[in-house]
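Participant: show me the folded form of this:
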Amino acid sequence: MSDVNIQAGLDLAPKQAGEAYSSIIELRQYTLKPGRRDDLIALFEKHFIEGQEQAGAHVLGQFRRRNRPDQFVWLRGFTDMEARRQALQNFYYGPIWREHRDAANDTMIDSDNVLLFKPVSRAGEFRLDLGNRPGQDASGAAGGIIIATLYTFTTPVEAKFVEFFEKEVVSVLRAAGAAISGYFVTETSENTFPALPVREGEHIFAWFASFADEAAYESYLSALSESDTWTATLTPTLQGWLARPQEVLELLPARRSLMHHHFA
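Facilitator: Sure thing, here's the model as predicted:
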């Protein structure tokens, strides 16, 4: 990982006891060597989840990118930027990474596509209980599909856009079948652990949603395409704000991912 060699679908309800608070979120997108993704996931889920959490990070989710067989995407959180610095220093200069870094790095082509985010508001935070993570012996039960949508702006995201998203967009997405799990804007603070680079100088609004399965996701896409409100009103308004077309990451939760679709 560069210089150091190194449940979605939840209601946006008041925070409950045991939930991890992450005011800083890392979205990490890796390009792997052909055929090596399952090797990295096996290594990650055996050694790097508890190892990072013992160091002070929150490992929120790890995913196969749907229809992109050499892409691995994962999310981790921290209580603040100083906690991030301490956690990353503890982990990447500690014994677990030292023992397994060569095997991990051997699967990778690129690990520097990293974005830092912060919640827009308390309403937009992830609500994930670290105690609910599947254990080492968990089966490969389906975790649904997670969608991460990235909107890029030429300037910092304005409160006016956030209000538009919360009041106009969310209701239409939910009506179409999306379970919204959180939304965030770029964290612009200086990178507190420069051994791991992040993308800087960008202004991004990211929102996450989940679906029970591919049929539910396809139904959602169909419902949006048939919605006059979405196609004739909201989409043109969104396009007027954005610096480039939206980017959609379609993600399949790995076996031990904390973040997955919540099956009621």
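
Participant: drop to CA atoms for contacts and neighbour counts, all remaining ones
Facilitator: Will do.

Participant: how far does stretch 241-257 sit from its chain's centre?
Facilitator: 8 Å (Cα atoms, centre = their mean, to the nearest Å).

Participant: now do the helices in the chain.
Facilitator: According to DSSP state H, the chain carries its helices in the segments 37-43, 49-55, 81-92, 95-105, 159-164, 170-176, 214-225, 228, 235-241.

Participant: quick one: low-confidence ranges for the stretch 1-150 of the chain?
Facilitator: Across the stretch 1-150 of the chain, the ranges flagged by pLDDT under 70 are 1-20, 141-142.

Participant: if we go to 90?
Facilitator: 1-22, 121-143 (pLDDT under 90).

Participant: all strands for it, in order.
Facilitator: 24-32, 58-65, 71-78, 108-119, 145-153 (DSSP state E, counting those that start in this stretch).

Participant: among those strands, which comes closest to V185?
Facilitator: strand 108-119 (5.3 Å; Cα to Cα).

Participant: partner strands of the closest one, with direction?
Facilitator: The strands beside strand 108-119 in its sheet (DSSP bridges) come out as strand 24-32 (antiparallel), strand 179-186 (antiparallel).

Participant: and of those, who's closest to F161?
Facilitator: strand 179-186 (11.1 Å).

Participant: just the mean pLDDT for the closest one, thanks.
Facilitator: Across strand 179-186, the average pLDDT comes to 95.

Participant: run through who's touching that strand.
Facilitator: 8-12, 115-120, 123-127, 157, 170, 174, 202-211 (Cα atoms under 8 Å, 6 or more residues apart in numbering).

Participant: about what we covered before: so which of the strands paired with strand 108-119 is the most packed in?
Facilitator: strand 179-186 (a mean of 25; mean count of other Cα atoms under 10 Å).

Participant: pull the CA atoms of it into CSV?
Facilitator: Taking Å, rounded to 0.1, in the frame of the first residue of the first chain, the C-alpha atoms of strand 179-186 are listed here in CSV:
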residue,chain,number,x,y,z
ALA,A,179,-32.2,1.9,1.5
ILE,A,180,-30.1,5.0,2.2
SER,A,181,-27.3,4.4,4.7
GLY,A,182,-25.3,7.6,4.7
TYR,A,183,-24.0,10.6,2.8
PHE,A,184,-20.8,12.5,3.1
VAL,A,185,-18.6,15.4,1.7
THR,A,186,-14.9,15.5,1.1
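
Participant: what angle do it and strand 145-153 make?
Facilitator: 30 degrees (axes from the mean of the first three to the mean of the last three Cα atoms, to 10 degrees).

Participant: end to end, how far does stretch 43-54 reach?
Facilitator: 17 Å (Cα to Cα, to the nearest Å).

Participant: apologies, that question was intended for stretch 231-251.
Facilitator: 24 Å.

Participant: give me the mean pLDDT for that stretch.
Facilitator: Per-residue scores along stretch 231-251 average to 97.

Participant: run through who's touching it.
Facilitator: Outside stretch 231-251, the residues that reach it (Cα under 8 Å, 6+ apart) are 63-66, 73, 145-154, 168-169, 224-225.

Participant: redo that, cut-off 6 Å
Facilitator: 63-66, 145-154 (Cα atoms under 6 Å, 6 or more residues apart in numbering).
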